[in-house]
Structure formats: structure tokens, C-alpha cells
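> just need the structure, nothing else, for what follows:
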Amino acid sequence: MRFTRAELESYRGAELPDVLSDGVELVFAGINPGLRSAAIGASFANRGNRFYPALRLAGITDRVIDSSEGFLPDDRDHLARRKVGLTTLVNFATAKASELTDEQLIAGRGRLERVAERYRPRVIALLGVTAYRVAFAEPRAVPGRQDRMLGASTVWVVPSPSGLNAHYSLPQLAAAYREAAAAAGIDVGEE
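Sure, this is the predicted structure:
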């Protein structure tokens, strides 16, 4: 699907549905939806986004999901079978996550607390250390497992797959996602 800049801008502030189901053990929390994701109705809808290739390389999924035209019904089912869910810290679309205010990121913490309470995953992995530092008032946080819990869920911080975070290679993203998945009890097979 192609959109003009004006069409994409019309999705500013739009919400993106979560991909969560009972029995989820690992929830990846993006910072917030991009305009294209909101327009398509699927997380990480930009073709160049490395999230789904990293999931495949990590052994979390058995194929690369292509959400650039929206999720196929089997994509959601596959994630559910793998006990993987998707949500966002802040659920309204912007062109860039850097447009969010500190107050919006801090308020997003409550959103993740509600996900933890409702679904009780083993791990919630936030995709971006800078957003985590602000949202959780932990300015010295580093990627990896955090000391913090959200309900019964262990919190991990993993690198954002955004192209703006290009200093992390695809194998580095996959390694970080694999570590969080293993902590959640997801079978990621042999390395």
C-alpha cells in the first residue's frame, strides 16, 4: 500500500491494536506506533523495519512476518502459538518516537502495568533504552534484564529495531531478543 504524506499525517494520534492473547509469555513493547503502522493496522509495518527479521533470526518465529500490508490471519495465530505478544508503551501514532514528551512516556508505564496484570507474561521487553529510562525514571538503565518487575512480569530492555538505531546490527538485535525469549521460556531452538 502506498500513502501520500498527507494521508499518513491523517493517522497522527491514531491507536494501534495490541496483538495479545491468553497464555502469552513474552510481550514486546514498542515505544509507539509509527504513522504507517497506524494506517496499515499492524505493528512494524515499514518494510525496512528489522523487528520481524530479528525475531526469525532469533528463532522466536519460524518465518519472517511481513506486516507491510497488514497482518495475515495466520501471522497473529503464529505469534499466539509462539506465546509472543505485541503492544506499545504509548498507543498513539507519531512520525517519530522522539516527538513524544517525557510525560507521555511516563504515563505509558501504566499501560504496561495493565498488560502485565491482565496477561501475566513472564517477560515484558521494551524496545528502546532511552524510552525506558524516561518512563521508569531510571536514567542509568542499560539494555538487558532490569531489576524491576511489572506485576509478575520481569522487565527487559532490548534495542529498538528502528532504522534510526542502525548501530545495532540484525544479529545483535536477534541476540538480544533471543535472550529475552529464553528468559520467558520460549523455545528458540539451537543457536
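> now Gly189, nearest residue through space, not along the chain?
Nearest residue to Gly189, sequence neighbours excluded (C-beta to C-beta, 6 or more residues apart in numbering): Gly59, at 4.5 Å. C-betas here are computed from N, CA, C, even on glycine.
> swap in Ala135?
The spatial neighbour of Ala135 that comes closest, neighbours along the chain excluded (C-beta to C-beta, 6+ apart), is Leu105 at 4.3 Å.
> number of nearby residues for the one you found?
Counted with other C-beta atoms under 10 Å, the neighbours of Leu105 add up to 22.
> just the element for it, please.
helix 102-119 (DSSP states H and E).
> go through that helix and flag the buried ones.
By 16 or more other C-beta atoms under 10 Å, the buried positions in helix 102-119 come out as 104-105, 108-109, 111-112, 115-116, 119.
> ok, Ala181 to Ile40 distance?
Between Ala181 and Ile40 the distance is 25 Å, computed by C-beta to C-beta, to the nearest Å.
> of those two, which one has the most company?
Ala181 (27 against 22).
> correct me, but the more buried one touches Leu26?
Yes. Ala181 lies in contact with Leu26 (C-beta atoms under 8 Å); the separation is 5.5 Å.
> and the spatially closest residue to Leu86 that is not a sequence neighbour, what is it in contact with?
Once flanking residues are discounted, Leu86 sits nearest to Val19: 4.1 Å by C-beta to C-beta, 6+ apart. Applying C-beta atoms under 8 Å, 6 or more residues apart in numbering, we find Val19 in contact with 43, 71, 76, 79, 85-87.
> and the helix holding Leu105, what does it pack onto?
Identification of packing neighbours for helix 102-119 by 3 or more C-beta pairs under 8 Å, 6 or more residues apart in numbering; DSSP states H and E yields strand 26-30, strand 84-88, strand 123-127, helix 129-135, strand 144-150.
> dump those to CSV, plus mean neighbour count and mean pLDDT.
Below are the helices and strands packed on helix 102-119 laid out as CSV (neighbours: other C-beta atoms under 10 Å; pLDDT from 0 to 100):
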stretch, mean neighbour count, mean pLDDT
strand 26-30, 27, 98
strand 84-88, 24, 98
strand 123-127, 27, 98
helix 129-135, 21, 96
strand 144-150, 15, 96
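> in a markdown table, list these along with distance to Ser98.
Below are those laid out as a markdown table (distance: least, C-beta to C-beta, whole Å):
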| stretch | distance to Ser98 |
| --- | --- |
| strand 26-30 | 14 |
| strand 84-88 | 15 |
| strand 123-127 | 14 |
| helix 129-135 | 9 |
| strand 144-150 | 22 |
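> quick one on the thing from earlier: please enumerate the shared neighbours of Ala181 and Leu26.
Counting by C-beta under 8 Å, 6+ apart, the residues touching both Ala181 and Leu26 are 60, 84, 123.
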